[in-house]
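Participant: predicted model follows, preceded by the sequence.
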2 protein chains.
Amino acid sequence: MSPVAVNKRLLFNEVPDGYLELGVTLKLDSTSQIDLDAPLEEGAILVKTKALAIDPYLRNRMQGPSAKGYIPNFSYSLGEPISNFGIVVVIRSENPAFQVGDHLYDHFKFQEYSIIKDPTTCRVLKNEEKLPWSAYLGTLGMPGQTAYFGWKLYSYAKSGETVFITTAAGTVGAAVVQLAKAQGLKVIASAGSDEKVDYVKSLGADVAFNYKTKSTREVLDELGHGIDIYWDNVGGEILEAAIDALNIFGRIIMCGAISQYNTKTPYGIKNLFHAVTKRITIHGFVVADAIATHKEDFYAEFPKLVAEGKIQHKEQLHYGLGSAEQALIDTFKGDNIAKPVIVLDESL
Amino acid sequence: MSPVAVNKRLLFNEVPDGYLELGVTLKLDSTSQIDLDAPLEEGAILVKTKALAIDPYLRNRMQGPSAKGYIPNFSYSLGEPISNFGIVVVIRSENPAFQVGDHLYDHFKFQEYSIIKDPTTCRVLKNEEKLPWSAYLGTLGMPGQTAYFGWKLYSYAKSGETVFITTAAGTVGAAVVQLAKAQGLKVIASAGSDEKVDYVKSLGADVAFNYKTKSTREVLDELGHGIDIYWDNVGGEILEAAIDALNIFGRIIMCGAISQYNTKTPYGIKNLFHAVTKRITIHGFVVADAIATHKEDFYAEFPKLVAEGKIQHKEQLHYGLGSAEQALIDTFKGDNIAKPVIVLDESL
């Protein structure tokens, strides 16, 4: 076997105007090669990519060089591979903290092989519970951490309260539904298809509806409002309806705004001033902050809950880097039926 | 002197459509009489109104019976006197906690005399600092409490940070400017006239501008953003500009939204989803909650600061119930030059 291998990559090719255009926004590239036997610097590791996650927030990273950088270098660079959370396997190591065969979780490029010069941020996944590796990109990865920390830090939830959760069939939403039920809350949940609604009900949601066939505002009106916590993954008109339905001292956990990511005409929230009379607290929230300081709490608690079946999850596997762009488009349009995970090498 | 006196009242006559209409929204009424010698129930007191406050939030209470009641009975009833914070003097008492001549602070009707059957919520103002009584309706009343508690509870201010304060020449804003400067913050302040801007500068604001002649967005852009705390008294387009100018981990204290009170077409906030990426916390805030639990902190601390000149203030006195409606209109339009106080009886 030749030590020089093709290193397939998925490149950011063009800033999308609204939704991604298949084969235009991203381009699969086979022109890069890597010498798998070339010497590694001390401390470096060579890894092969096992799997990569597809998450809604990636749309925000396709803004190109004109993007205002709230997070430095947040947007992908044109001509460079896109990146996201993934699992890689160490195939060579010049770093005593990483052994050949170790499964690592971190942010990785969408390419088959990577040399990681400074792997200190990589986490070796022990997976003592023998869970499917894909779970570590879903409910045990960034989305599960988002649910766990967002709920723990900003819900101020009390048993008997009511929470409304959007995109409740997504990995984040599904975990929040289960955390809320475990704590004795009433859960109202919305999702984007009847199949997803059934899934959310199977997780214990007290009320679940398809927001594409029923108006969220009408459902909340029929329920007589009474919401204490709103978990916002969507923003826009639904956020506005939720503000109207919130109780006094209501909390909004703003975790995402997928309805606003693919539009050039953002929806204007016309009732935000009710936050004053209703004493609403709104927490915008990026999980990276909590991960930086509290991730050991998560790893100590959450894999056990998953292994015991207390947090259910599901992933949809897509095979090959070439499947990633369609999986992204499906995610932005809500056409995915489970957490999409791009598998590059099943054998690892 | 006849014990039966005319009891002039200012009645809520018609729900306003936008701004108040002078002589139509409110009506001065002289048809009510009161027998000043009639027996009082045990525990009751008879008071004469000395002065009443005019505050921007009163516009919210003129919604009529169709108003959605976030706060029960928040809207005034048609045909009944309006009410607000005021100072009254006890002229008869069947309650051992209140002596004839005591000055009381509480919520009172806009009428000359009132019988208070249960005066337990009335606070006897000792005024050991011998401050002008009008101060107790401004910087030592609800507006000053709003500044004190909002800043203390929700600013999470640190020396060296930057705060942007709207309606900074108002009683609330002026107190916040001074609290922020005392804590070592940089203060950017806006107000609605050049005269008000000069006043705000005299209170120590580092940057102050007239938002009617300079675009808030342009000023914040020129300053290069960098705002850590936004004290929002106005809502609407200025809130939107402030969200764009906030730093990561920025805080918004939503205290009012005067730009939205008199309009039927509320402004839609199009960038609220930046609260996610910027990890912004928004606290909607009604001072009554903090007063209910922490008012002694305020009375222990704030009158001293005022007496020592560390919190400056000014009031504009208007004489007679008949002056109240114009004072309200001026307040909603921003034409007042100081805290408006309606004086009913100077001699008390």
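Facilitator: That came through, no problem. Numbering: from 1, shown residues only, chains lettered A, B, ... in the order given.
Participant: ok, now how distant is residue A:316 from chain B?
Facilitator: Separation of residue A:316 from chain B (Cβ to the nearest Cβ, to the nearest Å) stands at 25 Å. In this view, the C-beta of every residue, glycine as well, is placed from N, C-alpha and C.
Participant: neighbours of the residue in the stretch 151-300 of chain A positioned nearest to chain B, just the number please.
Facilitator: The minimum distance from the stretch 151-300 of chain A to chain B, using Cβ to the nearest Cβ, falls at residue A:268 (1.8 Å). Residue A:268 is flanked by 17 other residues according to other Cβ atoms under 10 Å in any protein chain shown.
Participant: pretty sure it contacts residue B:265?
Facilitator: No. If you go by Cβ atoms under 8 Å, residue A:268 and residue B:265 don't touch, sitting 10.8 Å apart.
Participant: domain assignment for chain A?
Facilitator: Domain assignment for chain A, taken from automatic domain parsing, gives A:4-138+A:313-343, A:145-287.
Participant: ranges for the strands of the stretch 1-150 of chain A?
Facilitator: Taking DSSP state E, counting those that start in this stretch as the test, the strands found in the stretch 1-150 of chain A are A:4-6, A:9-12, A:26-29, A:33-35, A:45-53, A:83-93, A:103-109, A:113-116, A:123-124.
Participant: most tightly packed of the ones you listed?
Facilitator: strand A:45-53 (a mean of 24; mean count of other Cβ atoms under 10 Å in any protein chain shown).
Participant: state the pLDDT value of residue A:262.
Facilitator: pLDDT, residue A:262: 63.
Participant: low-confidence bits of the stretch 101-250 of chain A, can you list those?
Facilitator: Applying pLDDT under 70 to the stretch 101-250 of chain A picks out no residues at all.
Participant: tell me which parts of it are close to chain B?
Facilitator: By the rule Cβ under 8 Å from any Cβ of the partner chain, the part of the stretch 101-250 of chain A lying against chain B is A:235, A:239, A:248.
Participant: list the residues that contact the second one.
Facilitator: Residues touching residue A:239, when contacts are defined by Cβ atoms under 8 Å, 6 or more residues apart in numbering or on different chains, comprise A:230, A:232, A:252, A:257, A:269, B:272.
Participant: can you list the residues you listed in TSV and add neighbour count?
Facilitator: TSV is the format used below for the contacts of residue A:239 (neighbours: other Cβ atoms under 10 Å in any protein chain shown):
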residue	neighbour count
A:230	26
A:232	30
A:252	25
A:257	26
A:269	23
B:272	29
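Participant: highest average neighbour count across the domains of chain A?
Facilitator: Across those, the average number of neighbours (mean count of other Cβ under 10 Å) peaks for domain A:145-287, which reaches a mean of 21.
Participant: what is the three-state secondary structure of the closest residue to residue A:284 other than its chain neighbours?
Facilitator: Closest residue to residue A:284 apart from its sequence neighbours, by Cβ to Cβ, 6 or more residues apart in numbering or on different chains: residue B:275 at 3.3 Å. Classification of residue B:275 by DSSP: H, G, I helix; E, B strand; the rest coil places it in helix.
Participant: ok, residue B:275 - contacts?
Facilitator: The neighbours of residue B:275, taking Cβ under 8 Å, 6+ apart as the test, are A:254, A:282, A:284, B:243, B:282.
Participant: ramachandran angles for the third one?
Facilitator: With angles defined as degrees, to the nearest 10, residue A:284 sits at phi -70, psi 140.
Participant: check the fourth one too.
Facilitator: Reported as degrees, to the nearest 10, the phi and psi values for residue B:243 are phi -60, psi -40.
Participant: so what's it closest to, chain neighbours aside?
Facilitator: Nearest residue to residue B:243, sequence neighbours excluded (Cβ to Cβ, 6+ apart): residue B:271, at 5.1 Å.
Participant: that neighbour in helix, strand or coil?
Facilitator: Judged by three-state DSSP, the three-state class of residue B:271 is coil.
Participant: against residue A:266, how distant is it?
Facilitator: To residue A:266, residue B:271 is 7 Å away according to Cβ to Cβ, to the nearest Å.
Participant: same question, residue A:143
Facilitator: 24 Å.
Participant: one more: residue A:238?
Facilitator: Taking Cβ to Cβ, one finds residue A:238 at 14 Å from residue A:266.
Participant: do residue A:48 as well
Facilitator: Separation of residue A:48 from residue A:266 (Cβ to Cβ): 41 Å.
Participant: about what we covered before: would you agree the residue nearest to residue B:243 is in contact with residue B:241?
Facilitator: No. Checked against Cβ under 8 Å, the pair residue B:271 and residue B:241 is beyond contact range at 9.1 Å.
Participant: which residues in the stretch 101-250 of chain A form helices?
Facilitator: A:142-154, A:171-182, A:194-202, A:216-222, A:236-245 (DSSP state H, counting those that start in this stretch).
Participant: name the helices or strands packed onto the shortest one?
Facilitator: Contacts of helix A:216-222 with other secondary structure elements, assessed using 3 or more Cβ pairs under 8 Å, 6 or more residues apart in numbering or on different chains; DSSP states H and E, are made with strand A:186-191, strand A:207-210, helix A:236-245.
Participant: cutoff 7 Å now
Facilitator: In this structure, helix A:216-222 packs against helix A:236-245, with contacts taken as 3 or more Cβ pairs under 7 Å, 6 or more residues apart in numbering or on different chains; DSSP states H and E.
Participant: swap in the second one?
Facilitator: In terms of contacts (3+ Cβ pairs under 7 Å, 6+ apart), helix A:171-182 is packed against helix A:142-154, strand A:162-165, strand A:186-191.
Participant: same list, those, but as TSV with distance to residue B:151 please.
Facilitator: Below are the helices and strands packed on helix A:171-182 laid out as TSV (distance: least, Cβ to Cβ, whole Å):
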stretch	distance to residue B:151
helix A:142-154	22
strand A:162-165	30
strand A:186-191	35
